[in-house]
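# give me a model of this one.
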Amino acid sequence: MQRVHFIAIGGAAMHNLAIAISKKNNFQVTGSDDEIFEPSLSRLKENGLLPDKMGWFPDRIHKGLQAVILGMHATEDNPELIRAKELGLKIYSFPEYLYQQTRSKTRIVVGGSHGKTTTTAMILFVLKQLKVDADYMVGAQIEGFDNMVKLSYESRIAVFEGDEYLTSPIDRRPKFHLYKPHIAVLTGIAWDHINVFPTFENYVEQFRKFTELMEVQGRLIYFDGDKNLNEIAQHLRRDIVPFAYNTPENEVRDSITYLITKYGDVPLQVFGEHNLQNMNAARLACRQIGVTDEQFYSVISMFPGASNRLQKIVETSNSVAYKDFAHSPSKLKATVKAVKHQYPNRKLIACMELHTFSSLTEEFLPQYAGSMDEADESFVYYNPDVIRHKHLKDIDPERVKQAFGGKNLTVYTDSVALQQRLRELNFENSALLLMTSGNFSGVNLIEFAKELLER
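Predicted coordinates:
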C-alpha cells in the first residue's frame, strides 16, 4: 500500500491530484489544510478525502508514509512539513510528483504566458475522441473529463499544462522546469508574475531554461510570431527539433469560424486568433504521437472550449455574453480582438477586473496600454481592499485610466456602482465580455449576464 499525505490538500491543483491518486489501486490518500473552499470542499468530500477537521496536525505525519506532497498554500514553517523533514520522509512538490509518476511515459508539456490551458485541453480532447489513452494535468475543467488530473498504470502518454509559477514554498523553480518534456509547446511570452520575475529578461530566461531541460531528441513546437521564442528556437540544443506554427487559414461566416484545410472547411465552436494558433500547436503536438492531420480535423470541430476561456454564457436573438479568464495584458488584448472580429456588426461592451498581484501593481499598469481599444465601451474594475490584502501600494483610478488609455473607458472601484451602470446600458445588438480571474467582488457572472441580456 502506497500511503501519500497532502499538505494543503484544498488547492485547485492539489485536490485534483489527490482525487486522481486515490483512484489508483494500492494507494491510500490523506490530507490537511487550514481552510478549504468550493469547489474543492465538495469534491474532496464526495471522494472521501476531506479532512475531518481543519488545521495542521504533525501526528498525521508518520514513517509509514511513502510520500508527502507539499502545496503552494503551505508555508516553510508548516508544522506538518517540519515533522516530515524530521522523519526524513520523501517530500514532493505537485509537479515533482507528476514527473515521478510519468517518468516512463512520453510527456507533452504546454507552456507559455497565454493559451496553455486551451492548447492542453485541445490535445486531450482530440486524444479522447480518437480513443488514445493519456495521463494528464490541465488547469481548468474540460467537458467530458471528470477531473483535472489523471494518473494511470496503462497509458504511455502524459499531457501536462506547464505553469511557469513557483513550484512550492521550499522549491523556487518554475513548475514547468520539472516536467522534462519529450514534446514541448511554447505559445508566447508576455511578462507576468512580476512578484517572482522582477524583469522581463528574467521572465524570458525561464522559458529558455525550459527548453534546455527537455529530454534528449525532444520536439519543440513554438509560435513563430513571438520574437523571443524565435530567438530561443535559434539557440536550441543540437538534438532538439523545432517546429514553428502560426495562425492557420480561416474564414468567419455568420459568426462561425471555419478552418480552411485540404480536407475541406472545418466549422469550429471556438474562435479568435489565439484559439486558432492554439489549435495549430495542438495539431503539431498530436502529430508527434501519430495522430494524422486528417484525424485531428475530423474531431476538433466538436471541441467546446475550456471552462472560463471565451466561454459563451448567454445568447439571445441579438445579443451574446462571454466570460473569460483574461487578466494579463496580452490575454486581454487577444480576447477583446477575438470577440470584435467574431461579431463585427455588434457593439462590444467589455468589462475586466484587475485581480492578480501583477495587475494590481502600479509599475505594471503601463503594460495594459491599448489592450481594450477595440471595445466600443469598456470598464475596468478593481477592489482597493484586495490591493491592501496583497500588501501593495494603493492605486488611483485616474492612474489606471491613463495606463489603459482609450476614450471610452471608465474605471470603477465599487462593484455595485459598476453593476448599476451596466444595467443602464442597452444591450440590443451587442456582445458583452466579462474578463476576470476573480468574480468582480462576489458577482455571479452567468446570472448577471442573463439579467442584462434577457430583460
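
# for stretch 74-86, list the C-alpha coordinates in CSV.
Below are the C-alpha coordinates for stretch 74-86, written out as CSV (Å, rounded to 0.1, in the frame of the first residue of the first chain):
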residue,chain,number,x,y,z
ALA,A,74,1.6,25.9,2.9
THR,A,75,4.4,27.9,4.4
GLU,A,76,8.0,26.9,5.2
ASP,A,77,7.2,26.8,9.0
ASN,A,78,4.2,24.5,8.5
PRO,A,79,4.2,22.0,11.5
GLU,A,80,3.5,19.0,9.2
LEU,A,81,6.3,20.0,6.9
ILE,A,82,8.7,20.3,9.8
ARG,A,83,7.7,16.9,11.1
ALA,A,84,8.1,15.3,7.6
LYS,A,85,11.6,16.7,7.4
GLU,A,86,12.5,15.4,10.9
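
# contacts for that stretch?
Contact with stretch 74-86 is made by 5, 7-8, 32, 56-58, 60-61, 65, 68, 70, 91, 168-170, as judged by CB atoms under 8 Å, 6 or more residues apart in numbering. Every residue, glycine included, has its C-beta placed from N, CA and C.

# can you give me the buried ones in it?
74, 78-81, 83-84 (16 or more other CB atoms under 10 Å).

# among those, which are in helices?
With helices taken from DSSP state H, the overlap with the buried residues of stretch 74-86 comprises 79-81, 83-84.

# closest to Glu273 out of those?
Here the nearest of those to Glu273, counting by CB to CB, is Leu81; it sits at 44.1 Å.

# please convert the buried members of the contacts of stretch 74-86 into ChimeraX selection syntax.
This is how ChimeraX selects the buried members of the contacts of stretch 74-86, with burial counted by 16+ other CB under 10 Å:
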select :5,7,8,32,56,58,60,61,65,68,70,91,168,169
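
# so which of the contacts of stretch 74-86 comes closest to Leu229?
Nearest to Leu229 among the contacts of stretch 74-86, with distances taken as CB to CB, is Ser168, at 27.3 Å.

# one step back: what's the most distant pair in the buried residues of stretch 74-86?
Ala74 and Arg83 (12.4 Å).

# so which of the contacts of stretch 74-86 belong to strands?
Under the assignment DSSP state E, those contribute 5, 7, 32, 68, 70, 91, 168 to strands.

# so what pairs up with the last one in the strands?
Beta-bridge partners of Ser168, counted by DSSP bridges, are Asp171.

# likewise the second one?
With beta bridges defined as DSSP bridges, Ile7 has these partners: Ser32, Leu70.

# that one and Val68 touch, don't they?
Yes - counting by CB atoms under 8 Å, Ile7 touches Val68, with 6.4 Å between them.

# just the pLDDT for Val252.
What the model reports as pLDDT for Val252 is 90.

# for it, give its distance to Pro267.
As judged by CB to CB, to the nearest Å, Val252 and Pro267 stand 11 Å apart.

# same question, Ala321
22 Å.

# who has more neighbours, these two?
Legend: neighbour count by other CB atoms under 10 Å for Ala321 and Pro267, higher for Ala321 (25 against 11).

# who are the packing partners of the helix or strand harbouring the more buried one?
Using DSSP states H and E, the element containing Ala321 is strand 319-324. Judged by 3 or more CB pairs under 8 Å, 6 or more residues apart in numbering; DSSP states H and E, strand 319-324 is in contact with strand 311-315, helix 329-342, strand 430-435, helix 445-453.

# contacting residues around the residue nearest the centre of the chain?
For the chain, the residue nearest the mean C-alpha position is Thr117 (4.4 Å; CA atoms, centre = their mean). By CB under 8 Å, 6+ apart, the contact list for Thr117 reads 138-140, 161, 306, 309, 325.

# switch to 7 Å and redo it
138-140, 161, 306, 309 (CB atoms under 7 Å, 6 or more residues apart in numbering).

# mark which of those are buried, thanks.
Applying 16+ other CB under 10 Å to the contacts of Thr117 flags 138-140, 161, 306, 309 as buried.

# how about the contacts made by the residue lying closest to Ala67 once chain neighbours are set aside?
Leaving aside its sequence neighbours, Ala67 sits nearest to Val4 (CB to CB, 6 or more residues apart in numbering; 4.7 Å). Each residue near Val4 by CB under 7 Å, 6+ apart is listed here: 21, 27, 29, 66-67, 69.

# same thing with Ile142?
Per CB under 7 Å, 6+ apart, neighbours of Ile142: 121, 124-125, 306.

# gap between it and Met214?
From Ile142 to Met214 the distance is 25 Å (CB to CB).

# cool, and Tyr165?
Counting by CB to CB, the gap from Tyr165 to Met214 is 20 Å.

# so those two - more neighbours on which side?
The neighbour comparison of Tyr165 against Met214 (other CB under 10 Å) goes to Met214, with 22 against 14.

# can I see the domain layout of the protein?
If you go by automatic domain parsing, the domain ranges for the chain are 2-89, 97-300, 311-453.

# give the rounded mean pLDDT of the shortest one.
The one in question is domain 2-89. 96.

# part of a helix, is Ile221?
No - counting by DSSP: H, G, I helix; E, B strand; the rest coil, Ile221 is not found in a helix; it is strand.

# what is it paired to in the beta sheet?
Here Ile221, judged by DSSP bridges, has bridge partners Val185, Phe243.

# ok, it touching Val241?
No - in this structure, Ile221 is not within contact of Val241 by CB atoms under 7 Å, at 9.7 Å.

# can you give me the strands for the stretch 201-350 of the chain?
219-223, 241-245, 250-253, 256-261, 264-267, 311-315, 319-324, 347-353 (DSSP state E, counting those that start in this stretch).
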